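**Student:** Pasting the sequence and the predicted model now:
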Amino acid sequence: MRDPVEITLRGVAHSGALERYVGEQARALDRQCDQIQACHVSVEALHRPKQQGAQFAVRLNITLPGTEVVVNREHGEDVYIALRDAFEAASLQLKDHVRRQGKVERRPHGGTPKTGG
């Protein structure tokens, strides 16, 4: 990833643990796809009564050459579950993108990139 992960929190208290979790998840995506140029993570606390649905919304914007992967996920009670679900969905989209591109799928730690296809 060329740029560091950008994290925006709206109505969610700043937390070192939350930032570390987002950073870990973003690094996992970067290991999966070396084409990622930037990753913006937006976490928002929704002000809705519990019976009306989700309390947390997560949006990922992942920039790749010539395209962007955008994922939106919501969860009723746990921001970490909303983040996990968003990063899992992004991972699937990136795998599909890499497969379609027929390019490098992942980089083994300390090794030469492995080609897919």
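**Tutor:** Cool, got the structure.
**Student:** Next up, identify which helix or strand residue 60 is on.
**Tutor:** strand 56-64 (DSSP states H and E).
**Student:** Report the inter-axis angle for the helix or strand following that strand versus strand 56-64.
**Tutor:** Sequence-wise, the next helix or strand downstream of strand 56-64 (DSSP H and E) is strand 67-75. Angle, strand 67-75 to strand 56-64, by axes from the mean of the first three to the mean of the last three Cα atoms, to 10 degrees: 170 degrees.
**Student:** so where's the protein shaky on pLDDT?
**Tutor:** 48-54, 103-117 (pLDDT under 70).
**Student:** need the longest helix for the chain.
**Tutor:** Counting residues, the longest helix found in the chain (DSSP state H) is helix 79-101.
**Student:** on contacts alone, who are the packing partners of that one?
**Tutor:** Using 3 or more Cβ pairs under 8 Å, 6 or more residues apart in numbering; DSSP states H and E as the contact test, the elements touching helix 79-101 are helix 16-32, strand 38-45, strand 56-64, strand 67-75, strand 104-106. (C-beta placed from N, C-alpha, C; glycine too.)
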